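Peer 1: I'd like to go over a predicted model; first the sequence, then the structure.
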Amino acid sequence: MKTKYQTLYDTMRTRIESGFYPRGGKLPGQNALAAECGVSPITTKRVLNDLEAAGYILRRPRSGSYVRGELRILREITIHIGRTIENPSAWLGDFWRGVERSAAELGIPVRISRELPEADPLHGLILIGAEASDVKLLKQTGIPHVAAITPAPFAACRASVDYSAVTKALVEAMRHAGCRNLCFLGNLQHAVHRMAAHAFRRTDSGPVHSINDRNAGRIAEKLLNSENPPDGVIVMGAFLPFCLFPLLMEHPAVKLGVYTESPAVLNLHRYAFLAHYELEELGRITFRLLHDTALKKNEAGELRCPPFEILPPDSRR
């Protein structure tokens, strides 16, 4: 049997979630609630305090209690990094910042972990590099979760850059500028690079070459000095464009296309076609998707992507 405290807490929470008490609206006072529900003012005070701690209301001294304009459904968020993801600190910062800043508006702490947390319906999870077994476990426990950045066809909802659309638009812009023999360079050991490479292959524009920061210069130099050199090179990654930039400057006829996997890549705007999107914006979108998942407001299979644009060389933002 529920206690009077639990009954009142559940009643108040249901009224807030259903809109009986509108967002931003003022709640009945502590004594009025006690009289209406047949409990003591001590019980109503405890309920209101706990509703505030759970993110449903704000209590203002000498003013009263108000329903939050945006409900804090989650108590904590973990960004879970899968075992297959290497060196996440090198490229996760902007994405994490977008999640953290959005969560901070509702007072929700965010942490990054390689381990799955214990089952808790108030603990939201953002999965990067998730495995099917992890998602299956989370579905069984009912923990709100979404996948982000990397492929996860087994996840119910996902947020990611639309590399297919981005790559297609980048290729079309470079073709319009006269490129007829394109190639793609990226580190195919990384899932995101593979996503972009797969999208490039679908454009039927040229070969894909796997490189890393150690062999990038050697492979690119061999390509540029071959019998059929490319007249356009698309480079994926936050650091690889800078590894290749000095070499490409020795071949001014070769056009360069890059993805803004890091804000630093914007420094190449005078010389390169920029597929411009923001991973921080992707972080904000991912937070909103997770929040809607916790509220059960989104549809299964939903994919949300940040906007993008293709900026030709010498563009000013």
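Peer 2: Nice, thanks for sending it over.
Peer 1: Please count neighbours and contacts with C-alpha atoms only from this point.
Peer 2: Noted.
Peer 1: Now do the strands in this structure.
Peer 2: Secondary structure of the chain (DSSP state E): strands at 57-60, 64-67, 76-81, 110-113, 123-128, 145-148, 158-159, 182-186, 208-210, 232-235, 255-259, 272-276, 303-304, 309-311.
Peer 1: any chance of these in CSV, with distance to Leu138, mean pLDDT and mean neighbour count too?
Peer 2: Compiled in CSV, those are given as follows (distance: least, Cα to Cα, whole Å; pLDDT from 0 to 100; neighbours: other Cα atoms under 10 Å):
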stretch, distance to Leu138, mean pLDDT, mean neighbour count
strand 57-60, 28, 84, 18
strand 64-67, 30, 88, 20
strand 76-81, 12, 92, 21
strand 110-113, 16, 92, 14
strand 123-128, 9, 92, 24
strand 145-148, 7, 93, 28
strand 158-159, 15, 94, 28
strand 182-186, 33, 97, 24
strand 208-210, 34, 96, 17
strand 232-235, 36, 97, 25
strand 255-259, 33, 97, 26
strand 272-276, 34, 97, 24
strand 303-304, 19, 92, 18
strand 309-311, 35, 96, 18
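Peer 1: export those strands to CSV and tack on distance to Arg13?
Peer 2: Compiled in CSV, the strands of the chain are given as follows (distance: least, Cα to Cα, whole Å):
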stretch, distance to Arg13
strand 57-60, 10
strand 64-67, 10
strand 76-81, 19
strand 110-113, 24
strand 123-128, 18
strand 145-148, 22
strand 158-159, 28
strand 182-186, 50
strand 208-210, 53
strand 232-235, 51
strand 255-259, 45
strand 272-276, 42
strand 303-304, 29
strand 309-311, 42
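Peer 1: So which of these is nearest His291?
Peer 2: His291 lies closest, by Cα to Cα, to one member of the strands of the chain: strand 123-128, at 8.1 Å.
Peer 1: Which stretch among the strands of the chain approaches Arg23 most closely?
Peer 2: Here strand 64-67 is closest among the strands of the chain (Cα to Cα), at 5.3 Å.
Peer 1: Convert the C-alpha atoms of the closest one to CSV, please.
Peer 2: Included here for strand 64-67 are C-alpha records, laid out as CSV according to Å, rounded to 0.1, in the frame of the first residue of the first chain:
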residue,chain,number,x,y,z
GLY,A,64,5.6,29.9,-4.2
SER,A,65,6.1,26.9,-6.4
TYR,A,66,6.0,26.9,-10.2
VAL,A,67,6.1,24.2,-12.8
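Peer 1: what's it in contact with?
Peer 2: Identification of contacts with strand 64-67 by Cα atoms under 8 Å, 6 or more residues apart in numbering yields 16, 21-29, 48, 56-60.
Peer 1: try stretch 147-154
Peer 2: 126-132, 135, 155, 157-161, 191-192, 195, 286.
Peer 1: Go again with 6 Å.
Peer 2: 126-129, 158-160, 192 (Cα atoms under 6 Å, 6 or more residues apart in numbering).
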